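Novice: Give me a 3D structure for the following:
(4 chains)
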2 protein chains.
Amino acid sequence: MPERADAARNRAKILAAAEQLFTTRGAAEVTMEDIARAAGVGRGTLYRRYPDRSSIAVALLDEHERRLQESLLRGDPPLGPGAPPAERLAAFYEAMVGLLERHAPLVLGAEVGHSRFTTGAYGFWRTHVRVLAETAGAADPDVLADVLLAPLAPELFLHQTSRGVSSERITAALRQLAGLL
Amino acid sequence: MPERADAARNRAKILAAAEQLFTTRGAAEVTMEDIARAAGVGRGTLYRRYPDRSSIAVALLDEHERRLQESLLRGDPPLGPGAPPAERLAAFYEAMVGLLERHAPLVLGAEVGHSRFTTGAYGFWRTHVRVLAETAGAADPDVLADVLLAPLAPELFLHQTSRGVSSERITAALRQLAGLL
DNA sequence: CCTCAAGTGGACGCGGTGTCCACTTGAGGC
DNA sequence: GCCTCAAGTGGACACCGCGTCCACTTGAGG
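Specialist: All right, here's what the predicted structure looks like:
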């Protein structure tokens, strides 16, 4: 059975309010009650769909990530298939830094309780990078994939930018890393 | 004025109890009250010294980390000075994986609230790796240092080991990375 | 228009946090 | 040995966010 009309309306209100709150204050400073109030909705309604802050952030991110995932699978090189693995990795790094730049608060909000690695998105990035490492002929690409993804941790990104490091410098350092592959 | 005798006794009891609790259950499953009770001490006494779980874990780690830091500064090569930077980095990776293996719950406990990068220890590791990158002639060693440290994030280590990846494989992958330098 | 399942919202209980302050203890002066 | 008082102690307290529960409302299909 499809979602009822009022339910759909409330879901939209919740997501809009949450995105607003997450980006203005930090994600950690937003309570479930804040979101419920901002959305003009009761706590129970909120919990019916989203068991915690994390799941809301994940829902918000989904759309943005899906677009990048599409580009990786079927887009033009060097992001999509066709370019040598080192170049594809560099392009992937650059795109991910862009994603972090635009949605860092969301990405961080999605990580309540060290859930980063269990989310579906991480699995996707992981597979992508593993395949790249594999075609580049690296040893143990399974473990190397995690290693190569580690510098994209949102906490690190936020720490670096708060220290005054620009996204360009981060991208450059990552490109350097990709070039070694 | 030095610490009073009863205060010193209580500090020792607190640290012992906390280490015990952190390592048996996960760090996230330990409350301040748990620690206070296990140490046979009131909540107020606990808070007097340690404002939160994180600071206790940091205190516990300090000793272990100090030993490694000593080795990096004045130990024998390849950990200490004398070996080429790539080898020193590999040795450093190996030592850090060992540290994580032995004290992962503590390291994770020390990270309450994404404080990882602001702790003194991180600054030390960062400087060490930056100098290595610098002598290896890398561009922008300042940013590269963070990138090279990222794969040592304790959450990643725990995720990998819980997936059945051995410390040896992790070390090998990191050695591979260090070799590229 | 009626029915009833889906959806709603706020009251409630729980557990952890951090503070506060009346009491205790130990170190140093005599 | 005793006295003094600052350092240290511990538990009661108020607060806050979480997640649940259930009596009520709403909307879709017959």
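
Novice: can you tell me which residues contact the most centrally placed residue in chain A?
Specialist: Nearest residue to the geometric centre of chain A (Cα atoms, centre = their mean): residue A:107, 5.0 Å. By Cβ atoms under 8 Å, 6 or more residues apart in numbering or on different chains, residue A:107 lies in contact with A:57, A:61, A:99-100, A:154. Heads up, the C-betas are built off the backbone N, CA and C, glycines and all.

Novice: now residue A:46
Specialist: Residue A:46 touches A:14, A:32, A:35-36, A:39, counting by Cβ under 8 Å, 6+ apart.

Novice: what's the distance between stretch A:22-34 and the middle of its chain?
Specialist: 17 Å (Cα atoms, centre = their mean, to the nearest Å).

Novice: and it, how far apart are its ends?
Specialist: 11 Å (Cα to Cα, to the nearest Å).

Novice: What residues of it count as buried?
Specialist: A:22-23, A:27, A:30, A:32 (16 or more other Cβ atoms under 10 Å in any protein chain shown).

Novice: is any part of it close to DNA strand C?
Specialist: No. Judged by Cβ under 7 Å from any atom of the strand, stretch A:22-34 makes no contact with DNA strand C; its nearest approach is 8.8 Å.

Novice: Would you mind pulling the contact partners of that stretch?
Specialist: So stretch A:22-34 is contacted by A:18, A:21, A:43, A:46-47, A:52-53, A:57, A:60, A:105-106, A:108-109, B:113 (Cβ under 8 Å, 6+ apart).

Novice: what sits against the nearest residue to residue A:140 once chain neighbours are set aside?
Specialist: Nearest non-adjacent residue to residue A:140, counting by Cβ to Cβ, 6 or more residues apart in numbering or on different chains: residue B:173, 5.6 Å away. Contacts of residue B:173 were listed using Cβ under 8 Å, 6+ apart, and they are A:140, A:143-144, A:147, B:151.

Novice: Quick check: phi and psi on the residue of chain A found nearest DNA strand C?
Specialist: Residue nearest to DNA strand C within chain A: residue A:42 (1.7 Å; Cβ to the nearest atom of the strand). Residue A:42 adopts backbone torsions of phi -80, psi 160, taken as degrees, to the nearest 10.

Novice: Tell me, how many residues neighbour it?
Specialist: Per other Cβ atoms under 10 Å in any protein chain shown, the neighbour tally for residue A:42 reads 13.

Novice: And for residue A:125?
Specialist: For residue A:125, the count of nearby residues is 20 (other Cβ under 10 Å).

Novice: Tell me how far it lies from residue B:134.
Specialist: 30 Å (Cβ to Cβ, to the nearest Å).

Novice: Per-residue confidence at the closest residue to residue A:116 other than its chain neighbours, what does it come out as?
Specialist: Closest residue to residue A:116 in three dimensions, ignoring its sequence neighbours and counting by Cβ to Cβ, 6+ apart: residue A:122, at 6.0 Å. With respect to pLDDT, residue A:122 scores 92.

Novice: elements contacting the helix or strand hosting residue A:122?
Specialist: Applying DSSP states H and E as the criterion places residue A:122 in helix A:120-135. Other helices and strands packing on helix A:120-135, by 3 or more Cβ pairs under 8 Å, 6 or more residues apart in numbering or on different chains; DSSP states H and E, are helix A:53-74, helix A:85-109, helix A:141-149.

Novice: in the longest one, what's buried?
Specialist: Of the residues in helix A:85-109, those buried by neighbour count under the rule 16+ other Cβ under 10 Å are A:85-97, A:99-100, A:103-109.
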